[in-house]
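A.B. asks: how would this look folded up:
(one chain, ligands or ions: 1)
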Amino acid sequence: MNTIAERYVKLVLALGQHDADYVDAFYGPAEWKTDAASRKQPLAEIGAATDRLIAEIPAHADGDELVALRRDYLKRQLEALRARVRMLEGAKLTFDEESQALYDAVAPTYPDSYFEGLLKEIDQALPGEGPVVDRYDAFRRKFIVPNDKLSGVFDRAIAECRTRSLPHVALPPAESFTVEYVKNKPWSGYNWYQGNYRSLIQVNTDLPVYIDRAIDLACHEGYPGHHVYNALLEKHLVRDRGWPEFQVYALFSPQSLIAEGTANYGIDVAFPGEQRVAFERDVLFPLAGLDPSQAAAYAKIRALVDRVSYAGNEAARKYLNGQATRTQSVDWLQRFAMMPAASAEQRTRFFDTYRSYVINYNFGKDLVKQYVESRAGAPPEKRWQEFVKLLASPRLPSALRAPGQPR
Ligand SMILES: [Zn+2]
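C.D. replies: Numbering: from 1, shown residues only. Predicted structure coming up:
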């Protein structure tokens, strides 16, 4: 399997020569990367080599549960790589076909009426008169973190997320990460894993940063999200087991659903129940110079707005299937996803680059949540155990679904 896995890594690096976003992280031998760059294998060759490699994977893997998971995972990662080659060769997939091929999952579809129902609830909860998106925007303005307070607020949030994670996750002693503030990106935050248990986390400050982004980003990009996920894979699978395939992270692959789903669900694991709003009110609001008496009201609105996140999937599905133009999508996102015009514009640029990747955040979170909670029940300690086990093992999105549960 290690030989097959090594060839997989080299194919990912070869495909990275055709697709600048494809290789999200690589910390294997540097000469593998320089070799891929100097050879610049044609797409057709990469495709054929992938087909051959898939055919060579043994039907069964002898060993413990992780060994069996590894085999299925490697096969599915290779199939996703094959699909990405086809896309770069010009194949046109529908949104759902693409997400199935790349992320091993198809997100549910909701009619406009579903979002209209949620918007009515938000409408009633927000003060003032006029279009609900404008009132939401006006309401939220009270929760913008001033620029000169950003790094102080983020540092405190990161420290808190780390403190909450440490008792439950055996982290390698050398782990650490750096935070940078950047502009002109299609995303709001990004974790670039460097290997050796280190991450570079970038925070995009193009748009106003609201106070809730502090915990979101600190957990999602840091603890117990992407940084912890990558460090645990490096520790348990690369170093302890010597499995080379985990030294590379192919962005457009099933691994991303697990990565984004765990990063988002990790927020709930680290801050169960009312603990998040309490920490924001008592610590982060004062640090940001915001009025703590407003923290609960803001959390309530935010929880309602979170529920319309699937509207982003619908917008992406219609836009990428050619059923809506960019302008129509921006309008639709403003109306149904509660996004101000600038965020809606930024979101359509995200669709251009990352396409059906959008489902990994919300549907990924829901899949991870039901997987962990169906096994752990309500006790926070049990949730941590199942969550950390999931982080440190190669499990496919389709294997998270409960038996008999529709896609
Ligand atoms: Zn992420």
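A.B. asks: quick one: contacts for the closest residue to residue 254 other than its chain neighbours?
C.D. replies: Excluding its sequence neighbours, the residue lying closest to residue 254 (CB to CB, 6 or more residues apart in numbering) is residue 104, at 4.1 Å. For the C-beta atoms, the positions are set from N, CA and C on the backbone; glycine is no exception. Counting by CB atoms under 8 Å, 6 or more residues apart in numbering, residue 104 touches 76, 80, 254, 257, 396, 397, 398.
A.B. asks: Present these as JSON lines; the columns should include neighbour count, distance to residue 235 and secondary structure.
C.D. replies: Below are the contacts of residue 104 laid out as JSON lines (neighbours: other CB atoms under 10 Å; distance: CB to CB, whole Å; DSSP: H, G, I helix; E, B strand; the rest coil):
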{"residue": "76", "neighbour count": "20", "distance to residue 235": "23", "secondary structure": "helix"}
{"residue": "80", "neighbour count": "22", "distance to residue 235": "24", "secondary structure": "helix"}
{"residue": "254", "neighbour count": "25", "distance to residue 235": "21", "secondary structure": "helix"}
{"residue": "257", "neighbour count": "28", "distance to residue 235": "22", "secondary structure": "helix"}
{"residue": "396", "neighbour count": "20", "distance to residue 235": "21", "secondary structure": "coil"}
{"residue": "397", "neighbour count": "26", "distance to residue 235": "23", "secondary structure": "helix"}
{"residue": "398", "neighbour count": "17", "distance to residue 235": "26", "secondary structure": "helix"}
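A.B. asks: any idea how far residue 124 is from residue 359?
C.D. replies: Residue 359 sits at a distance of 29 Å from residue 124 (criterion: CB to CB, to the nearest Å).
A.B. asks: Those two: who's more crowded?
C.D. replies: Using other CB atoms under 10 Å, the more surrounded residue of residue 359 and residue 124 is residue 359, with 31 against 9.
A.B. asks: so who does the more buried one touch?
C.D. replies: Shown in contact with residue 359 (CB under 8 Å, 6+ apart): 99, 103, 105, 106, 107, 257, 313.
A.B. asks: The residue in the stretch 51-200 of the chain positioned nearest to the ion in helix, strand or coil?
C.D. replies: Closest contact between the stretch 51-200 of the chain and the ion, by CB to the ion, is at residue 191 (6.4 Å). Look at residue 191: counting by DSSP: H, G, I helix; E, B strand; the rest coil, its state is strand.
A.B. asks: Quick check: chain neighbours aside, which residue is closest to it?
C.D. replies: Residue nearest to residue 191 in three dimensions, not counting chain neighbours: residue 226, with 3.9 Å by CB to CB, 6+ apart.
A.B. asks: from what I can see that neighbour touches residue 193, true?
C.D. replies: Yes: the criterion here is CB atoms under 8 Å, and residue 226 meets it with residue 193 at 7.0 Å.
A.B. asks: any shared contact partners between the two?
C.D. replies: Taking CB under 8 Å, 6+ apart as the criterion, residue 226 and residue 193 both touch residue 199.
A.B. asks: more neighbours, the two?
C.D. replies: Neighbour count, other CB under 10 Å: between residue 226 and residue 193, residue 226 has more, with 28 against 24.
A.B. asks: who are the neighbours in contact with the more buried one?
C.D. replies: Counting by CB under 8 Å, 6+ apart, residue 226 has contacts 191, 193, 199, 220, 259, 263.
A.B. asks: Which other helices and strands does the host helix or strand of the fifth one contact?
C.D. replies: Secondary structure assigned from DSSP states H and E places residue 259 in helix 254-270. Using 3 or more CB pairs under 8 Å, 6 or more residues apart in numbering; DSSP states H and E, the elements in contact with helix 254-270 are helix 65-88, helix 95-103, helix 150-165, helix 226-232, helix 359-376, helix 380-391.
A.B. asks: how about a cut-off of 6 Å?
C.D. replies: Packing partners of helix 254-270 (3 or more CB pairs under 6 Å, 6 or more residues apart in numbering; DSSP states H and E): helix 226-232, helix 359-376, helix 380-391.
A.B. asks: Tell me if the helix or strand following the shortest one is near the ion.
C.D. replies: Pointing back at helix 226-232 there. Where DSSP H and E defines the elements, the next helix or strand beyond helix 226-232 is strand 248-250. No: using CB under 5 Å from the ion, strand 248-250 never reaches the ion; the gap is at least 11.5 Å.
A.B. asks: next one: stretch 232-246 to chain centre, how far?
C.D. replies: Distance of stretch 232-246 from the chain centroid (CA atoms, centre = their mean, to the nearest Å) equals 21 Å.
A.B. asks: Apologies, that question was intended for stretch 350-368.
C.D. replies: 7 Å.
A.B. asks: How about it, which residues are buried there?
C.D. replies: For stretch 350-368, the neighbour count (16 or more other CB atoms under 10 Å) marks 350-351, 354-368 as buried.
A.B. asks: now stretch 379-394
C.D. replies: Result for stretch 379-394 [16+ other CB under 10 Å]: buried residues 380, 383, 384, 386, 387, 388, 390, 391, 392, 393, 394.
A.B. asks: do stretch 217-228 as well
C.D. replies: By neighbour count on 16+ other CB under 10 Å, the buried set for stretch 217-228 is 217, 218, 219, 220, 221, 222, 223, 224, 225, 226, 227, 228.
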